[in-house]
Structures are given as structure tokens and as C-alpha cells.
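# Predicted model follows, preceded by the sequence.
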Amino acid sequence: MKILRSVLLSSFLIAAAGAASDAASSSNPLADAVRSANDRFKDVSVALAEGYAPIPCASGIEGGSMGIHYVNAEHLKDDGIDLARPEAVMYEPMADGKMALIAVEYITFKGPAELKGHLFSFNNAPNRYGLGPFYELHVWAWKANKKGTFADMNPDVSCDAVKK
């Protein structure tokens with residue numbers, strides 16, 4: 001009986017590990033599309049060349065961060081949502097001084113808004129950005145976020161490496 005129980009337990013653990021591995025490797029279709037459309041931003045100089053400018057690193061009060069947003073003011077003005085032209089591209093500052101692409105943010109002042117069936121979150125004014133009320137959707141396409149693919153803050157992102 002002990003042997004049978006051990007075999008069953010081992011089989012269960014192997015199956016559970018396989019399911020967990022499958023879940024970790026499965027992807028989100030919107031994050032996949034965002035990654036495909038915006039992989040060019042892995043090089044921060046591309047963001048700069050396309051008119052994006054950095055704003056200070058945004059940390060959360062409960063820990064974690066959104067990283068440094070590179071914002072394109074022209075994209076903010078048009079109120080359109082274009083998968084390949086996010087209003088903000090988000091980077092995590094690394095200890096070696098490099099910037100690692102982690103996510104993008106889509107922003108519009110008209111709402112309610114959605115992108116491929118994903119509703120944007122409403123951000124009222126006043127807010128930390130000095131903007132009027134707006135709708136936003138973060139997409140963590142390059143760095144996993146245990147709070148969710150579309151959460152604001154990522155507990156595994158830090159602003160600690162920002163040069164002062």
C-alpha cells in the first residue's frame with residue numbers, strides 16, 4: 001500500500017509540475033501582439049529617436065514599480081490607440097546603467113477605452129502625472145508580473161538603479 005501511495009503521489013507531483021510549467025509558458029494573446037509590434041524598443045535609443053522622452057521612475061507605495069516611462073507627447077494628443085504606437089514605453093533601470101524594456105502603456109483621454117477586448121483603467125485627476133482624467137492599460141509584455149499582465153505596478157521591478 002505504501003508503494004502504491006508513493007507511486008500515486010509521485011505521478012500527481014509530476015503531473016502538477018507539468019501543468020505549472022505549461023501555465024508559466026502559456027502566453028497572453030494581447031501581450032504577444034504587443035511584444036511583436038514593439039520589440040524595436042528593446043533598444044532605448046529607438047524610443048528616443050521616435051520622440052519618446054523619459055519621466056522619473058514611478059514606484060508604488062506598496063513596493064514594486066512601473067519603471068521609467070518614456071512618453072510620446074504626440075501620441076498622447078491624438079487619443080487614438082495603436083498597438084504599435086504606445087503612448088509610453090516602460091524600462092527598468094539596471095545596475096550597469098542599461099535600460100531593460102519591460103512593458104508599454106496605452107493612454108487615452110476618451111473612454112471608456114479598450115484594446116482587443118481588454119478594458120482600460122480610469123485614472124482621475126489630480127494624479128501623479130499632472131494630467132487630466134485619463135484611461136490607461138499597462139501591458140507587461142517583456143517582464144512577467146505576478147500581479148497580472150495588465151496590473152499597474154510590478155512587485156519585481158525596482159527604481160533602485162536610477163542614477164541620482
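Yes, it's here. Residues are numbered from 1 along each chain as shown.
# Spell out for me which residue occupies the centre of this protein.
When the chain is reduced to its mean C-alpha position, the closest residue under CA atoms, centre = their mean turns out to be Trp140, at 2.3 Å.
# Return the distance of that residue relative to Arg128.
Trp140 sits 19 Å away from Arg128 when distances are taken as CB to CB, to the nearest Å. Every residue, glycine included, has its C-beta placed from N, CA and C.
# about what we covered before: for the residue nearest to the centre of the chain, which residues are in contact?
When contacts are counted by CB atoms under 8 Å, 6 or more residues apart in numbering, Trp140 touches 31, 102-103, 148-151, 154.
# So which of these wins on neighbours?
For these, the largest number of neighbours (other CB atoms under 10 Å) sits with Ala103, at 28 neighbours.
# Secondary structure element for the nearest residue to Lys143 once chain neighbours are set aside, which one?
Leaving aside its sequence neighbours, Lys143 sits nearest to Ile102 (CB to CB, 6 or more residues apart in numbering; 3.9 Å). Per DSSP states H and E, Ile102 falls inside strand 99-108.
# Next secondary structure after that strand?
Using DSSP H and E, the next helix or strand after strand 99-108 towards the C-terminus is strand 114-115.
# Sheet partners, orientation included, of that following strand?
Its sheet considered, strand 114-115 pairs with strand 118-119 (antiparallel) by DSSP bridges.
# in this protein, what spans have low per-residue confidence?
Within the chain, the segments meeting pLDDT under 70 span 1-26, 163-164.
# ranges for the helices of it?
2-25, 29-38, 44-49, 73-78 (DSSP state H).
# Centre of the chain to the third one, how far?
In terms of CA atoms, centre = their mean, to the nearest Å, the centre of helix 44-49 is found 18 Å from the chain centre.
# Now the spatially closest residue to Ala151 that is not a sequence neighbour: phi and psi?
Closest residue to Ala151 apart from its sequence neighbours, by CB to CB, 6+ apart: Asn145 at 5.5 Å. Main-chain torsions, Asn145, degrees, to the nearest 10: phi -130, psi 110.
# repeat for the one 3 residues further on
According to degrees, to the nearest 10, the main-chain angles of Gly148 amount to phi 130, psi 150.
# Look up how far Pro54 lies from it.
Counting by CB to CB, the gap from Gly148 to Pro54 is 25 Å.
# burial measure for the residue nearest to Ala151, as a count.
Around Asn145 there are 21 other residues, counting by other CB under 10 Å.
# Kindly report the same for Trp142.
20.
# check contacts around it.
For Trp142, counting by CB under 8 Å, 6+ apart, the contacting residues are 35, 42, 100-103.
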